[in-house]
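Trainee: Quick one: sequence plus predicted model below, questions after.
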Amino acid sequence: MSRLNQTLTVAKWEFMQFFKWKQELIGKSIMLLLALGMYLWHNQVLYQPEPQQIVSNTQLDGLQLSQEFVFRTEPKSNEALIEEVKAGAIDGALIFKSTELPQQVTLYTEGKMSWQNDLSGQLNEYARSQAALSLNLSQTQLALLEQPLRFETNFLDDSVKDQMQQSALTANALLFLMAIGIFMTFGQVFVAITGEKQQRVTEQLYSCMDAQTWIEGKIIGQMLHAIKAMTTTAFTALLGMAFVQVILKGQTLDFSIFDFSVLPWFVLFVLVGIYMCTAFIAAIAAAIDDPNHSGKTAFMMIPLIPTIVGFMMMDSPSSLSVTVLSYFPLTAFVFMPMKMALIEVPFWQVIIAFISSIIGCIVIRNMAARMFKMGMTMYGKEPDLRTMLKWAVAIRS
């Protein structure tokens, strides 16, 4: 069997070891059933709730509540209305402590329910309209007073994208998906490699393939898992947005808040970045003898640092630090897609960043293979950092 076939065989086994298509189908089916249940509940298909009975002892002229409520005024004391709530005769009692501006009102109910927020919002609208009448303000004047300041920023740098909200959401989504992929790789690689090392299957595997083939197969298999997790998360989020927009809010489907033009480059950077992160995590995991007491587990979280820093520096995509990190081999796979989502980046800069990422990926892959080979055959005592660095920079594996 050729080395390529061996690598693909290991990659397939590594992927299928954790991928269970039946569980995937069951999970997606449960998600769809929950969405259907939410739709039926929201549209009150299965039941028709009774309107909430709201009573007050203060006359509220011109108050019009939605069909969800039935409001009436009764000349009773506060204590009597509260007793009716306790007895279940009414759903809520509105007690006004002050009818002068600003009004103070207390709602007495038996428990906390979702309709209370709706009632509060409608009462606030009523209070604003009454305040406008008492001050001889028209509805137009009141609307002008409630208008926020129209603030906009004009960027002299033509590379900054005008649609900042779209750019920011896209950058956040890209960084979040990258974090999902790295977290998935961390968990799966840690379990797979430490388990194989504790079961002492290394000798048998080394008898039929070399360490480079083994780690490459594991990296590709786990990388496929990470990409699957990222793809599933992205589709689930888009379906959730579509469900809320179309079914719950009755709006037209609109994904314009995301900039999909950076998606092709993002996929390329993800492939390189996840491969690099998986190789690094595999090298550290191979040096762990006891996963329950090892101090090297924290080092496996190092690939998350570029993503965390990316979230912190996302507000300054034109800064020198972001520019440098978008070219650096070990961070370009995070910062260049983020920068592309926020500002216009020349094509030659993207090519340089991608080539830099590939160079970093090759270096980390070779170093990880040497560390993986030595770490998997070392039992009883974990190597220290100095020893691991010697393995990494060794000329021959």
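Mentor: Looks like it arrived, so ask away.

Trainee: use CA for all of it now, contacts and neighbours both
Mentor: OK.

Trainee: Tell me where the stretch 101-250 of the chain has helices.
Mentor: For the stretch 101-250 of the chain, the helices defined by DSSP state H, counting those that start in this stretch occupy 115-134, 139-146, 164-198, 202-206, 211-242.

Trainee: Mean neighbour count, distance to I30 and mean pLDDT added to those, as TSV?
Mentor: As requested, the helices of the stretch 101-250 of the chain are exported to TSV (neighbours: other Cα atoms under 10 Å; distance: least, Cα to Cα, whole Å; pLDDT from 0 to 100):
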stretch	mean neighbour count	distance to I30	mean pLDDT
helix 115-134	14	28	79
helix 139-146	11	44	70
helix 164-198	20	22	78
helix 202-206	12	39	64
helix 211-242	20	13	82
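
Trainee: mind putting the ones you listed in CSV, distance to M336 included?
Mentor: Below are the helices of the stretch 101-250 of the chain laid out as CSV (distance: least, Cα to Cα, whole Å):
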stretch, distance to M336
helix 115-134, 43
helix 139-146, 41
helix 164-198, 10
helix 202-206, 38
helix 211-242, 18
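
Trainee: Tell me which of these lies nearest to V309.
Mentor: Comparison of these against V309 by Cα to Cα identifies helix 164-198 as nearest, at 10.1 Å.

Trainee: Summarise which helices and strands the closest one is packed against.
Mentor: Other elements packing on helix 164-198 under the criterion 3 or more Cα pairs under 8 Å, 6 or more residues apart in numbering; DSSP states H and E are helix 211-242, helix 263-286, helix 305-312, helix 332-342.

Trainee: One more pass at 7 Å, please.
Mentor: helix 211-242, helix 263-286, helix 332-342 (3 or more Cα pairs under 7 Å, 6 or more residues apart in numbering; DSSP states H and E).

Trainee: by how many degrees do the longest one and helix 164-198 diverge?
Mentor: In other words, helix 211-242. 140 degrees (axes from the mean of the first three to the mean of the last three Cα atoms, to 10 degrees).

Trainee: quick one: helix 211-242 to helix 263-286, angle?
Mentor: 130 degrees.

Trainee: other SSEs contacting helix 211-242?
Mentor: Short answer (3+ Cα pairs under 7 Å, 6+ apart): helix 211-242 packs on helix 3-18, helix 164-198, helix 263-286, helix 347-376.

Trainee: can I get those helices in JSON lines with distance to G37?
Mentor: Below are those laid out as JSON lines (distance: least, Cα to Cα, whole Å):
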{"stretch": "helix 3-18", "distance to G37": "30"}
{"stretch": "helix 164-198", "distance to G37": "27"}
{"stretch": "helix 263-286", "distance to G37": "33"}
{"stretch": "helix 347-376", "distance to G37": "45"}
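
Trainee: quick one, which of these is nearest to F311?
Mentor: helix 164-198 (7.2 Å).

Trainee: need the contact list for E125.
Mentor: Listed by Cα atoms under 7 Å, 6 or more residues apart in numbering, the contact set of E125 is empty.

Trainee: where's it relative to L81, distance?
Mentor: 24 Å (Cα to Cα, to the nearest Å).

Trainee: For M313, find the nearest of the helices of the stretch 101-250 of the chain.
Mentor: Nearest to M313, of those and by Cα to Cα, is helix 164-198 at 11.1 Å.

Trainee: Residue ranges of each domain in the chain, please.
Mentor: The record's domain split for the chain, according to the TED database, is 52-146, 158-393.

Trainee: As CSV, those domains with distance to S2 would be great.
Mentor: Below are the domains of the chain laid out as CSV (distance: least, Cα to Cα, whole Å):
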stretch, distance to S2
domain 52-146, 64
domain 158-393, 10
